[in-house]
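Chemist: what's the 3D shape of this:
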Amino acid sequence: MNTSLFVLTIVGLVCANAQQFNCPAKDGQYEHPKQCDKYYECVDGRATEKICPDGLVFDQLIRKINKCDQPFNVDCGDRIELQPPKGNALCPRRNGFFAHPDESVCNIFYNCIEGEATEVVCTAGLHFDEYSGTCVWPDTAARQGCGTSGQTNILKDGFECPKNNQVSNGQVVAHPKYAHPTDCQRFYVCLNGVEPRDLGCQAGEVYNEEQQKCDAPENVPGCEDWYKDEEEPAPKGKKSKRSVRK
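Modeler: Numbering: from 1, shown residues only. Next up, the predicted model:
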């Protein structure tokens, strides 16, 4: 079959499929019954078959002109078919959020836009979750090959959640936070008061124990000069003026 005839055949099949779809009275975009990334656009009762960019799927409920979204935001139901992938080593599909190809690297993922990958690193202590497209606690992500780091009651640096409850406004804090003794940028969270997680503020901020949040260095006594004369966050282990905790 020559190229021209092949193209005409494909166009003919697409048109035939579109003609088989009965447009509702109202113009709009409507999902394909079997393929989650395919849909019909109806104008004046005539249907045109369309397909989302590779990696995205169609959601009829989105109140936007562009109804193609990330798969973790869409319930495809029985529409399980998808177009063939057109990705590469870092982007299995041309669009979406994808885990690092090395299964043992769980805190790095890639944001792919039209096949171009941007590396993203999760906040310290978190793992990338493919089913939500976000960074979550390791036990929530339950990634294979990631080990059990972060699921013990003593961290590698020796931190253990204090046995005394942290109280705020007369109420016991469910997930108390504690400043790191020597690193102004880092802090700990104790899930349910017993499971420690090592986290960090974004570059340019330090942890404010009094306010229980990341804050500007000038607002935290002892950490005012943490980023002074530095372009990058302070290295792990840099000494601050914070008093070492017992």
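
Chemist: ok, the closest residue to residue 58 other than its chain neighbours - contacts?
Modeler: Excluding its sequence neighbours, the residue lying closest to residue 58 (C-beta to C-beta, 6 or more residues apart in numbering) is residue 39, at 4.3 Å. Any C-beta I mention is one placed from the backbone N, CA and C, and that applies to glycine too. The contact partners of residue 39, by C-beta atoms under 8 Å, 6 or more residues apart in numbering, come to 29, 30, 31, 32, 49, 50, 51, 52, 58, 60, 67.

Chemist: who wins for neighbours among those residues?
Modeler: residue 58 (24 neighbours; other C-beta atoms under 10 Å).

Chemist: touching, it and residue 67? I think so.
Modeler: Yes: checked against C-beta atoms under 8 Å, the pair residue 58 and residue 67 is within contact range at 5.7 Å.

Chemist: what's the lowest-pLDDT member of the contacts of residue 39?
Modeler: The pLDDT minimum for the contacts of residue 39 sits at residue 60, where the score is 90.

Chemist: distance check, that one against residue 96.
Modeler: 20 Å (C-beta to C-beta, to the nearest Å).

Chemist: what about the helices in the protein?
Modeler: 3-20, 138-141 (DSSP state H).

Chemist: mean pLDDT lowest where, among those?
Modeler: Among the helices of the chain, helix 3-20 carries the lowest mean pLDDT (a mean of 45).

Chemist: for beta bridges, what are the partners of the closest residue to residue 201 other than its chain neighbours?
Modeler: Closest residue to residue 201 apart from its sequence neighbours, by C-beta to C-beta, 6+ apart: residue 214 at 3.6 Å. Residue 214 forms beta bridges with residue 207, as assigned by DSSP bridges.

Chemist: cool, residue 128 as well?
Modeler: residue 135.
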